[in-house]
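Q: My questions concern the predicted model and sequence given below.
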Amino acid sequence: MMINFSCFAQQINDDSLFKRANQEYYNNPNESIQIVKQLLKRERNPDKIIKLYLVISSAELTKGNFNASLQYLFKARELALKSNDPKVQTTFFITIALQYEQMELDSKTLESLDEAEQYLAKIPDGTYHKYFEIGRINLVRGMISKKQNNPEIALQRFQTAVKSFEKIKEASKTYYNQSILFFYIGNCYLDLGSEEKAEKAFTKAYDLAIITDSNSLESYALKGLSQIQKIKHQNNRALQYLKDAEERGKKTDDSKLLEEIYKEMADNYLAMGNQNYYQLYSKKLQELQFKREQLELSSVNESINVQNKNALIKTQELESTYKNLIILTLILGCSICCIISFAAYKLMKRNRQNTREIQKILRD
């Protein structure tokens with residue numbers, strides 16, 4: 001009885017830790033990574049291991065460690081393909097699509113979304129998971145359309161995602177994704193020159209971000225609102241939004257977010273004719289870009305080294321197999337030669353015996 005209670009208590013603790021890791025992988029990726037590694041040591045359920053790999057992969061991506069992120073995704077993929085749960089498989093392929101989108105691997109993103117939709121079709125209609133994943137698929141497809149300079153198509157995707165999320169009764173579970181959605185909707189309206197609609201969308205994104213207590217989402221929404229003020233030539237107000245965004249952005253490890261903020265700050269100071277602050281934030285931007293590029297380069301080099309190492313191992317395995325094949329061929333060849341020689345010897349011996357018998361008969 002005590003053992004059962006202990007196991008039950010451990011499960012509750014692990015579930016709480018997983019929830020925290022999943023919530024913190026963007027704001028505090030190092031803590032998230034530490035928690036997941038701790039949970040992986042004792043987790044035996046393959047479907048839960050997939051979820052842990054996805055969280056730690058997202059955390060590594062937040063830090064800019066592309067290679068580590070991909071390695072965990074590959075591990076998750078192996079397990080996902082063996083799973084019998086379409087919900088787990090759908091979630092995996094949508095999550096990996098989001099990862100590829102952040103890495104700007106658009107073809108891989110779309111490929112993963114196509115795979116996700118195959119498993120999505122197996123989830124019953126009218127369920128939470130069905131609505132949630134339809135929303136996420138349209139969110140990612142909209143992000144790709146936005147990147148390809150198709151804001152009208154992107155808006156259609158985003159609106160479809162919003163409608164799908166709105167069908168979910170547990171609305172609070174959608175706030176995080178909806179905040180991202182409305183941020184992108186705001187950017188689409190900016191591209192289309194509809195500043196008023198864009199401002200409403202950014203405000204909605206910010207309100208949802210506040211509820212989710214996400215520094216990164218709040219920072220992105222504030223950056224969006226600053227762009228509206230810049231268009232209106234309200235540069236001081238734009239800078240206030242950006243300073244608030246910077247304060248929240250520094251609490252995350254999102255280098256790209258801070259780069260975008262510093263670029264906006266530099267642009268606003270330039271518009272105001274303040275050369276000193278323009279140069280200050282331009283320098284901060286360059287330093288961040290250099291640091292991120294070095295990290296990405298290091299990650300790429302590490303990935304190449306891993307691939308070279310794997311290629312070397314495969315080559316050695318092939319060489320070993322080839323050597324074994326040669327030895328086996330030689331042994332087999334020798335065996336065949338021995339068999340043929342023995343058969344020939346027996347035949348010659350029999351022929352000599354037959355010859356003697358024929359000669360004997362002829363003499364008689």
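A: Here it is on my side, so go on. Numbers count the residues shown, from 1 in each chain.

Q: need the contact list for the residue nearest to the spatial centre of the chain.
A: Central residue check for the chain by C-alpha atoms, centre = their mean: the C-alpha nearest the mean position is that of Gln99, 3.1 Å away. When contacts are counted by C-beta atoms under 8 Å, 6 or more residues apart in numbering, Gln99 is found next to 57-58, 61, 69, 73. (Glycine included, C-beta is placed from N, CA and C.)

Q: Please report phi then psi for it.
A: Per-residue torsions, Gln99: phi -60, psi -50 (degrees, to the nearest 10).

Q: same check, this time on Asp253
A: Torsion angles at Asp253 (phi, psi; degrees, to the nearest 10) stand at phi -110, psi 30.

Q: what helix or strand does Ser179 sit in?
A: Using DSSP states H and E, Ser179 falls within helix 175-191.

Q: any idea how far Ser172 is from Ile153?
A: Separation of Ile153 from Ser172 (C-beta to C-beta, to the nearest Å) stands at 30 Å.

Q: And these two? Which one has more around it.
A: Set side by side, Ile153 and Ser172 show more neighbours around Ile153, with 16 against 9, by other C-beta atoms under 10 Å.

Q: check contacts around the closest residue to that one other than its chain neighbours.
A: Excluding its sequence neighbours, the residue lying closest to Ile153 (C-beta to C-beta, 6 or more residues apart in numbering) is Ser145, at 4.4 Å. Residues counted as contacts of Ser145 (C-beta under 8 Å, 6+ apart) are 151, 153-154, 157.

Q: Tell me the confidence at Ser145?
A: We have a pLDDT of 95 for Ser145.

Q: State the helix or strand in which it lies.
A: With secondary structure defined by DSSP H and E, Ser145 is part of helix 128-147.

Q: Residues in contact with the following helix or strand past that helix: which ones?
A: Reading on from helix 128-147 to the C-terminus, the next helix or strand found by DSSP H and E is helix 151-166. Residues from elsewhere that reach helix 151-166, judged by C-beta under 8 Å, 6+ apart: 131-132, 134-139, 141-143, 145-146, 174, 177-178, 181, 184-185, 187-189, 191-192.

Q: and the angle for helix 151-166 with helix 128-147?
A: Relative orientation of helix 151-166 versus helix 128-147 (axes from the mean of the first three to the mean of the last three C-alpha atoms, to 10 degrees): 160 degrees.

Q: buried ones in helix 151-166?
A: Neighbour-count burial for helix 151-166, counted by 16 or more other C-beta atoms under 10 Å, picks out 151, 153-158, 160-162, 164-165.

Q: circling back: can you tell me which of the contacts of Gln99 are in strands?
A: Using DSSP state E, no member of the contacts of Gln99 falls in strands.

Q: what helix or strand is Ala198 on?
A: helix 195-212.

Q: what about the next helix or strand after that helix, distance to the chain center?
A: Next along the chain after helix 195-212, taking DSSP H and E as the criterion, comes helix 215-231. With C-alpha atoms, centre = their mean, to the nearest Å as the basis, helix 215-231 stands 26 Å off its chain's centre.
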